[in-house]
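Chemist: from the sequence below, what's the structure:
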Amino acid sequence: MKKYEGLNQAMLEQYAPRPGQRALLPELSDKAQVALMCRMLTREGWNEHIAGHITYRLDNGNILTNPWELAWGELTASDIVTLDPQGQIIDSDWNVTPAIGLHLQLHALRPDTHVVIHNHAHWSGIWACMQRVPPVYDQASGYCGVELPLYNEYEGTFEDQATSLSAAEALGDAKWALLANHGSLVVGRDLRQAHLRVITLEWRSKRAYEVALAGGGKPLSDEEVKKLSIADDNGFPFCWEAMARKELRLDPTLVD
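Modeler: Residues are numbered from 1 along each chain as shown. Below you'll find the predicted structure:
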């Protein structure tokens, strides 16, 4: 990841490590960053066996993605596959899921979107199956705003090009969506922003489910959530690095 990409500059100047202090992360290749993202999101509940895919578009237009055959929790940097913009494999003997079409179409429709993440997530997947949008009840649920589209025209899996194109178009300029009776979708301009959106979506979904089980509560007002959602634009300081360090401590070889 480009050093502190996406962070608020004033906050960086105030809180970034001083010269001579320990670096937050070692230098990481693009593939290592995608492998780390897979491991990090597995821990967040985006871990439905071998389902799900992350795409990360590079500056040259090529796209990095996880291979179909491996679960997110086991892959390493050397397993990450490079695709050309049309989805053809460049450098791997692994396969990619036929459902990658949704990602390719989103990248084509939205030049601002460099990261697309889809899986059959745990907590947000419950709300997708209920075809309901979880309310925002606390600070950590509000980091990315209130609006959460529910794409409710599910007609099958996304191997079909027409179905995936309709889903991509339906997303419009949204940052995330619930896919009814299917799962969750998050996009972002970089890995840091996409990570914050995934963890916020899962926290929001989990907290709202727990509040519902406890008998209900009063959601935060849209005005209060708007104040909190500054984190989405500027990046949550140092969160991506902290979660990445956790994975590196558990398995230092994942970046190889």
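
Chemist: what residue ranges in the stretch 151-256 of the chain score low on pLDDT?
Modeler: Residues of the stretch 151-256 of the chain meeting the criterion pLDDT under 70: 153-167.

Chemist: what ranges do the helices span in it?
Modeler: With DSSP state H, counting those that start in this stretch, the ranges of helices along the stretch 151-256 of the chain come out as 161-171, 191-213, 222-228, 230-234, 239-250.

Chemist: will you turn the ones you listed into TSV that also has distance to residue 184 and mean neighbour count?
Modeler: Where you see a C-beta, it was placed from the backbone N, CA and C, and this is true even at glycine. Below are the helices of the stretch 151-256 of the chain laid out as TSV (distance: least, Cβ to Cβ, whole Å; neighbours: other Cβ atoms under 10 Å):
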stretch	distance to residue 184	mean neighbour count
helix 161-171	12	17
helix 191-213	6	22
helix 222-228	19	14
helix 230-234	16	16
helix 239-250	18	17
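
Chemist: ok, which of those helices comes nearest residue 116?
Modeler: Closest approach to residue 116 among those is made by helix 191-213 (8.1 Å; Cβ to Cβ).

Chemist: that closest one vs helix 239-250, what angle?
Modeler: Relative orientation of helix 191-213 versus helix 239-250 (axes from the mean of the first three to the mean of the last three Cα atoms, to 10 degrees): 90 degrees.

Chemist: now residue 217: how far from residue 196?
Modeler: Applying Cβ to Cβ, to the nearest Å, the value for residue 217 to residue 196 is 24 Å.

Chemist: distance to residue 90 added to the helices of the stretch 151-256 of the chain, as a markdown table?
Modeler: As requested, these are exported to a markdown table (distance: least, Cβ to Cβ, whole Å):
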| stretch | distance to residue 90 |
| --- | --- |
| helix 161-171 | 21 |
| helix 191-213 | 20 |
| helix 222-228 | 41 |
| helix 230-234 | 32 |
| helix 239-250 | 25 |
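
Chemist: mind listing what the closest residue to residue 55 other than its chain neighbours touches?
Modeler: Of all residues not flanking residue 55 in the chain, residue 103 sits nearest, at 4.2 Å (Cβ to Cβ, 6 or more residues apart in numbering). Applying Cβ atoms under 8 Å, 6 or more residues apart in numbering to residue 103 gives the contacts 53, 55, 63, 65, 116, 118.

Chemist: which SSE is immediately downstream of the helix or strand harbouring residue 103?
Modeler: Counting by DSSP states H and E, the element that carries residue 103 is helix 101-109. Using DSSP H and E, the helix or strand that follows helix 101-109 in sequence is strand 115-119.
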